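Novice: Give me a 3D structure for the following:
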Amino acid sequence: MRVHLVVPIIALQFLPAPGASVVDYECTTTATGQKQQVKVNIELTVPERAAVNENLTIVWRGTYVTGSELRAPSTGLEGSLKLYAYAGISGIPRLTSATGVSRLGTITPGQPIPLPTAPVNLTTTPQDKGEGTVHAAAINIGPNPQNPLIECEVTNKSALTEYPLAVEDSAGTTTPTTSPTDTDEDETSDEEDGTGATTPEVTTTVTTTTTPEGGVDTGAGGEAGPDGRALMLVGSLVILSSAGGLMLRRRPRRNAP
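Specialist: Prediction:
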């Protein structure tokens, strides 16, 4: 007896990468106004740490959902074109988006526009700390950001995957301390007594004279001291004696009768 095994054929479906979010876009060709409904699997890699005034990079990866690709106009697109990818940021002051750019390959009229195979780095610089979320945002195609040839806007914002983002103070930022700072002993104007209380230092200016070693003060008057007064007395007597001698020598001679 033969047994026939029936193996069901299951249609394979390309699933988005782990962590990816299916983003619905409405893409408009600016030259003609033609609109297309496009679906892209987008995965964002958000850094674990971000700091104020430091460059923040979010990695963007995107692949089409099969059957919902963005096609080039039948007339084609001219020039060297780039894809501009955006991420929206909410919950952090003065930080709303990040932007990245990648050059596109050959675009064939009427065919799907190939998405970058390499990850796209979206960059921004936070100015304030805080906690918020990051989600996929618009996609534009053109020669530069100011002149998009195709603009794709998100139509399912409420269904997007939100990635947490925390911005902290930069590593070089320090918080001022409120504790008192010890003052060097040479710079303080107070001194402590035995009780631990502080008494303002009183500065007294004293004028002194210098006494040569082995001698007396070179000053005079009441500060001369006993030795000084004795010397002055002796000197006065010598002067008086000299003056008397001069007077005797000058006495005129009398003529004899």
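Novice: can you list the weak-confidence ranges in the stretch 101-250 of the chain?
Specialist: In the predicted model of the stretch 101-250 of the chain, residues 171-250 satisfy pLDDT under 70.
Novice: T75: how many residues sit nearby?
Specialist: By the criterion of other C-beta atoms under 10 Å, T75 has 11 neighbours. From N, CA and C alone the C-beta is placed, and that goes for glycine too.
Novice: ok, now which ones touch the residue nearest to R71 when sequence neighbours are not counted?
Specialist: Ranked by C-beta to C-beta, 6 or more residues apart in numbering and with sequence neighbours excluded, the top spatial neighbour of R71 is P112, at 5.5 Å. Neighbour list for P112: 64, 69-72 [criterion: C-beta atoms under 8 Å, 6 or more residues apart in numbering].
Novice: got those residues as TSV, with distance to P164 and pLDDT columns?
Specialist: Shown next, in TSV, are those (distance: C-beta to C-beta, whole Å; pLDDT from 0 to 100):
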residue	distance to P164	pLDDT
Y64	27	98
E69	31	98
L70	29	98
R71	35	97
A72	36	97
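Novice: List the buried residues in stretch 152-168.
Specialist: By neighbour count with 16 or more other C-beta atoms under 10 Å, stretch 152-168 contains the buried residues 152, 154, 160-161, 163, 165-167.
Novice: Oops, could you answer that again for stretch 118-127 instead?
Specialist: 120-122, 124, 126.
Novice: same question, stretch 94-112
Specialist: Going by neighbour count (16+ other C-beta under 10 Å), the buried part of stretch 94-112 is 95, 98-102, 107.
Novice: quick one: the helices in this structure?
Specialist: Using DSSP state H, the helices found in the chain span residues 225-249.
Novice: the strands in it, which residues?
Specialist: 21-29, 35-45, 50-51, 56-64, 82-90, 97-103, 120-124, 130-142, 150-154, 163-168, 190-192, 198-200 (DSSP state E).
Novice: if we look at the shortest one, which residues are touching it?
Specialist: By that I understand strand 50-51. With C-beta under 8 Å, 6+ apart, strand 50-51 has contacts from 56, 126, 165-171.
Novice: Let's see that with 10 Å instead.
Specialist: When contacts are defined by C-beta atoms under 10 Å, 6 or more residues apart in numbering, strand 50-51 is touched by residues 56-58, 92, 95, 124-126, 129-130, 165-173.
Novice: Brilliant, that's me finished.
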